[in-house]
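A.B. asks: pasted the sequence and its predicted model underneath.
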Amino acid sequence: MSGYKIEVEIVALTNSISGSHSYAVVIGESEGIRRIPIIIGHSEAQAIAVSLENVKNARPLTHDMMKDMMDTFDIELKEVIIYKLKEGIFYSKLICKSPDGEKEIDSRTSDALAMASRFNTPIYTYESILSNAGYVDKNNEEESDADYTPASSTADPKGSSNSLSKMSPEELKEQLNEAIENEDYIKAAALRDELNKR
């Protein structure tokens, strides 16, 4: 892909209007107001939410294991590049550095973003992709923390967010333990946030 790279970051993780079991991870220019929604599945949303929300897992998820393995073998994730958009599908690669040199690894974009969030690695795309798939965030002319919608806000553990406010702290704790045991980390994050509000 020719052209210069533009740094982007994850600014939101929300329910997608395209389907009840899909989510959109929204990436935006680090120094700009354009956004790109990328449709991902439930498990991919969980993988990203776990990292963004700093949820501690009883057992490591696949991306946590990959990070541990890369750290063990002295492989650094230098950057993630979303380099192509074809027929609505985004293509990404991981740029890794090891004692043997630099390597490019093809990756699904959702996996690349999950890894980038764990390594705190820069994410890049190209102007052509931002121009074709992006939109301007007119509600926020300047970059701010208000752009970020916590991943936990996408969860709907008991039908609606209002139902959480009707639950007692004991019920919330019970549901939280159950969600963690079932490895439903999006639900766990929403329950934890409700408990923290009390």
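C.D. replies: Received, thanks. In this text, all values refer to a predicted model and were calculated from it rather than measured experimentally.
A.B. asks: lowest confidence element among the helices and strands of the chain?
C.D. replies: The helix or strand of the chain with the poorest confidence is helix 161-166; it has a mean of 68 (mean pLDDT, DSSP states H and E).
A.B. asks: for the next helix or strand after it, buried residues please.
C.D. replies: Using DSSP states H and E, the helix or strand that directly follows helix 161-166 along the chain is helix 169-181. For helix 169-181, burial by neighbour count (16 or more other CB atoms under 10 Å) applies to Leu172, Gln175, Leu176, Ala179, Ile180. C-beta here means a position set from N, CA and C on the backbone, and glycine is covered the same way.
A.B. asks: do you know how far the closest residue to the second one other than its chain neighbours is from Ala179?
C.D. replies: Think Gln175. Spatial nearest neighbour of Gln175, chain neighbours left out: Leu191 (5.4 Å); criterion: CB to CB, 6 or more residues apart in numbering. As for Leu191, its distance to Ala179 is 6 Å (criterion: CB to CB, to the nearest Å).
A.B. asks: kindly indicate which of the buried residues of helix 169-181 lies nearest Val25.
C.D. replies: Using CB to CB, Ala179 comes nearest to Val25 of the buried residues of helix 169-181, at 20.7 Å.
A.B. asks: sec struct for the most centrally placed residue in the chain, please.
C.D. replies: Nearest residue to the geometric centre of the chain (CA atoms, centre = their mean): Ile48, 3.5 Å. Put simply, Ile48 is helix when judged by DSSP: H, G, I helix; E, B strand; the rest coil.
A.B. asks: number of nearby residues for the residue nearest to Gln175?
C.D. replies: If you count neighbours by other CB atoms under 10 Å, Leu191 ends up with 27.
A.B. asks: which ones are touching it?
C.D. replies: Pro157, Leu164, Leu172, Gln175, Leu176, Ala179 (CB atoms under 8 Å, 6 or more residues apart in numbering).
A.B. asks: what is the burial count for the second one?
C.D. replies: Burial measure for Leu164: 21 neighbouring residues, criterion other CB under 10 Å.
A.B. asks: which residue comes closest to it once chain neighbours are left out?
C.D. replies: Glu194 (4.5 Å).
A.B. asks: ok so, going back, which one among the contacts of Leu191 sits at the bottom for pLDDT?
C.D. replies: Here the lowest pLDDT out of those sits on Pro157, with 36.
A.B. asks: distance of Phe119 relative to Phe73?
C.D. replies: Phe119 sits 14 Å away from Phe73, going by CB to CB.
A.B. asks: these two: which is more packed in?
C.D. replies: Neighbour count, other CB under 10 Å: between Phe119 and Phe73, Phe119 has more, with 20 against 9.
A.B. asks: shaky segments in the chain?
C.D. replies: Applying pLDDT under 70 to the chain flags the ranges 1-2, 16-21, 139-162, 180-186, 189.
A.B. asks: would you map the strands across it?
C.D. replies: 5-15, 22-29, 34-41, 76-86, 89-98, 101-108, 123-126, 135-136 (DSSP state E).
A.B. asks: would you confirm that Val50 contacts Ala58?
C.D. replies: No - judged on CB atoms under 8 Å, Val50 makes no contact with Ala58 at a distance of 11.6 Å.
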